[in-house]
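Peer 1: The sequence isn't on hand, but the structure is:
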């Protein structure tokens, strides 16, 4: 090549855009001019550095190199026929120096020393795209995990469901209830959620507690039998333990409930006690509804859920009266007659709507009662399986 250098060719060499013939031409020149060749390689290698000490624009580096080897850059080179001519290079310079090998940058070059390095821009863009991609991937995986194999069981009015879970536990889901079983439910993870009422018989597993989420209340067991209830009309979650024991309550406060215990919990409090007879609350699993000192209005809501009726009561005083009664779930007609006799009302039926008209308007001084023998024959049925 000689002493006079082709700036356009060197620009293409630095941008790695030269042809094999041009590359050999530059190599021959570097062998003839080893000191300038090392300077050129330093300039070429600067584009591959990742942690610069100083950011120097390509125009400055080029001017330094041109001063070193005696080139006068032409207009075509300044415009940059190669890709590198329009970018900036990171130059790792010794402390205190402003040039590549002792050259003095021009005044115009110093005006560009705060330009962003093209590698830095590329790296920042890459990090941003990677972060966005990671967030999208995480969101997609979470959505797929939630929606892929999640099992939801729901019952309608007058229908209950007997369900066996993958870990061997079983439950009876009451009418108008909903059970959600996550896709990862199994021997190592036994967490689910219930809305409405369910009676659980849990298989023992010391390694994985059985956890039920209901209305902001968490109930954990290792192996036991219990009932949990929370309908939209219920002010709190009711937990009944018939065998074993459970830990229940809101996340920040819980109590241990033994067999025969009953608890009423919300998302902020829990109250527990030992019941006289917890089995009265679970008689629905044997086709019986048993109420002891329950408000009439509350009893009508439960009966309506099991028989598929909507009850309307015109007497607000009667609605607050406590009542003790039992109903046969297998015989709706007998249940309506029982309701009529216990409340002493007339029944007006319009489809599924039943209006209760009291025969008396004077408030009762004693609770309404009608007892059924515990040995009354009942027909066992299973629906909604």
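Peer 2: Cool, the structure landed. Keep in mind it's a predicted model, so treat the numbers as computed, not measured.
Peer 1: Can you spell out the domain ranges of the protein, please?
Peer 2: Using automatic domain parsing, the domains assigned to the chain come out as 7-115, 151-281, 287-369.
Peer 1: With mean pLDDT and mean neighbour count added, can I get the ones you listed in JSON lines?
Peer 2: For every residue, glycine as well, the C-beta is placed using N, CA and C. Rendered in JSON lines, the data for these read as follows (pLDDT from 0 to 100; neighbours: other C-beta atoms under 10 Å):
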{"stretch": "domain 7-115", "mean pLDDT": "56", "mean neighbour count": "16"}
{"stretch": "domain 151-281", "mean pLDDT": "94", "mean neighbour count": "18"}
{"stretch": "domain 287-369", "mean pLDDT": "88", "mean neighbour count": "16"}
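Peer 1: Summarise which helices and strands the host helix or strand of residue 41 is packed against.
Peer 2: When secondary structure is defined using DSSP states H and E, the element that contains residue 41 is helix 34-45. Helix 34-45 is packed against helix 7-14, helix 20-32, helix 58-69, with contacts defined by 3 or more C-beta pairs under 8 Å, 6 or more residues apart in numbering; DSSP states H and E.
Peer 1: and with 10 Å instead?
Peer 2: With contacts defined as 3 or more C-beta pairs under 10 Å, 6 or more residues apart in numbering; DSSP states H and E, the secondary structure elements packing on helix 34-45 are helix 7-14, helix 20-32, helix 58-69, strand 88-91.
Peer 1: can you pull out the helices in the protein?
Peer 2: Assigned by DSSP state H, the helices in the chain fall at 7-14, 20-32, 34-45, 58-69, 75-79, 107-110, 118-147, 296-307, 316-320, 332-343.
Peer 1: For residue 206, list the residues it contacts.
Peer 2: Residues in contact with residue 206 (C-beta atoms under 10 Å, 6 or more residues apart in numbering) are 222-223.
Peer 1: try it again with 7 Å
Peer 2: If a contact means C-beta atoms under 7 Å, 6 or more residues apart in numbering, then residue 206 has residue 222 as its contacts.
Peer 1: residues contacting residue 211?
Peer 2: Contact criterion C-beta under 7 Å, 6+ apart gives 190-191, 218, 220 as the residues in contact with residue 211.
Peer 1: likewise residue 153?
Peer 2: 161, 163, 173, 179.
Peer 1: swap the cut-off to 6 Å and go again
Peer 2: Counting by C-beta atoms under 6 Å, 6 or more residues apart in numbering, residue 153 makes contact with 163, 179.
Peer 1: Mind listing the residues bridging to it?
Peer 2: For residue 153, the beta-bridge partners under DSSP bridges are residue 179.
Peer 1: repeat for residue 212
Peer 2: With DSSP bridges applied, the residues forming beta bridges to residue 212 are residue 192, residue 219.
Peer 1: pretty sure it is in contact with residue 218, am I right?
Peer 2: No. Under the contact definition of C-beta atoms under 6 Å, residue 212 does not touch residue 218, with a separation of 7.4 Å.
Peer 1: Give me the common contacts of these two.
Peer 2: Contact criterion C-beta under 6 Å, 6+ apart; no residue bridges residue 212 and residue 218 by contacting each.
Peer 1: gap between the closest residue to residue 190 other than its chain neighbours and residue 291?
Peer 2: The shortest distance from residue 190 to any residue other than its chain neighbours is 4.6 Å, reached at residue 210 (C-beta to C-beta, 6 or more residues apart in numbering). With distances defined as C-beta to C-beta, to the nearest Å, the gap from residue 210 to residue 291 amounts to 29 Å.
Peer 1: contacts for stretch 183-193?
Peer 2: For stretch 183-193, the external contacting residues (C-beta under 6 Å, 6+ apart) are 148-150, 166-167, 180-181, 208, 210-211, 213.
Peer 1: which of those residues sit farthest apart?
Peer 2: Taking C-beta to C-beta as the measure, these span a maximum distance of 22.8 Å, between 148 and 210.
Peer 1: Show the end-to-end separation of stretch 212-232, please.
Peer 2: Across stretch 212-232, the straight-line distance between its terminal residues is 17 Å, by C-alpha to C-alpha, to the nearest Å.
Peer 1: Mind listing residues that contact it?
Peer 2: With C-beta under 6 Å, 6+ apart, stretch 212-232 has contacts from 193-194, 196-197, 199-202, 204, 209-211, 237-244, 246-248, 265, 267, 282.
Peer 1: Swap in 7 Å and give it another go.
Peer 2: Residues outside stretch 212-232 that contact it (C-beta under 7 Å, 6+ apart) are 192-206, 209-211, 237-251, 265-267, 281-282.
Peer 1: Stretch 168-181 now?
Peer 2: Contacts of stretch 168-181 from elsewhere in the structure, counted by C-beta under 7 Å, 6+ apart, are 150-165, 192-203, 210, 284-285, 305-306.
Peer 1: Then stretch 272-283?
Peer 2: Applying C-beta under 7 Å, 6+ apart, the contact partners of stretch 272-283 are 199, 227, 240, 242, 255, 257, 260-263, 289-290, 292.
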